[in-house]
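Participant: Need coordinates for the following:
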Amino acid sequence: MRLPPRDRERLALAAWASLEEATAWLADPQTDREGIAVARERDAAIESGQVTPLTLEEFRRRTRGTAE
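Facilitator: Down below sits the predicted model:
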């Protein structure tokens, strides 16, 4: 958390890219049943129009500087 914001962003992107390369564990429903259930509920809320997801820009605006 002491890295400059740009370096933290690069680190986060590198970590995410490494996960994208090895996502077989995501296919296993035993991985996180509660998390999968929450994700499905949120997806249904978005699909039904109950909620509107944040754009990437809005997410970044809201979270910028919160972890510093």
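Participant: Give the residue spans of the protein that score low on pLDDT.
Facilitator: Scanning the chain for pLDDT under 70 picks out 20-29, 65-68.
Participant: rerun at 90
Facilitator: Filtered on pLDDT under 90, the chain yields the residue ranges 1-3, 13, 15-37, 39, 62-68.
Participant: Please, where are all the helices along it?
Facilitator: 5-21, 33-48, 56-63 (DSSP state H).
Participant: I'd like those helices laid out as CSV, including mean neighbour count.
Facilitator: From N, CA and C alone the C-beta is placed, and that goes for glycine too. Output for the helices of the chain, formatted as CSV (neighbours: other CB atoms under 10 Å):
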stretch, mean neighbour count
helix 5-21, 10
helix 33-48, 10
helix 56-63, 10
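Participant: Check the gap between the residue nearest the centre of the chain and residue 9 for me.
Facilitator: Centre of the chain computed as the mean C-alpha position; nearest residue by CA atoms, centre = their mean is residue 16, 9.4 Å away. Applying CB to CB, to the nearest Å, the value for residue 16 to residue 9 is 11 Å.
Participant: Could you do residue 51 as well?
Facilitator: Taken as CB to CB, the span from residue 51 to residue 9 is 27 Å.
Participant: cool, and residue 1?
Facilitator: Counting by CB to CB, the gap from residue 1 to residue 9 is 13 Å.
Participant: And for residue 53?
Facilitator: Distance of residue 53 to residue 9, computed by CB to CB: 21 Å.
Participant: How about residue 19?
Facilitator: Applying CB to CB, the value for residue 19 to residue 9 is 16 Å.
Participant: now residue 31
Facilitator: 27 Å.
Participant: before we move on, what about residue 43?
Facilitator: In terms of CB to CB, residue 43 sits 26 Å off from residue 9.
Participant: Repeat that for residue 42.
Facilitator: 25 Å.
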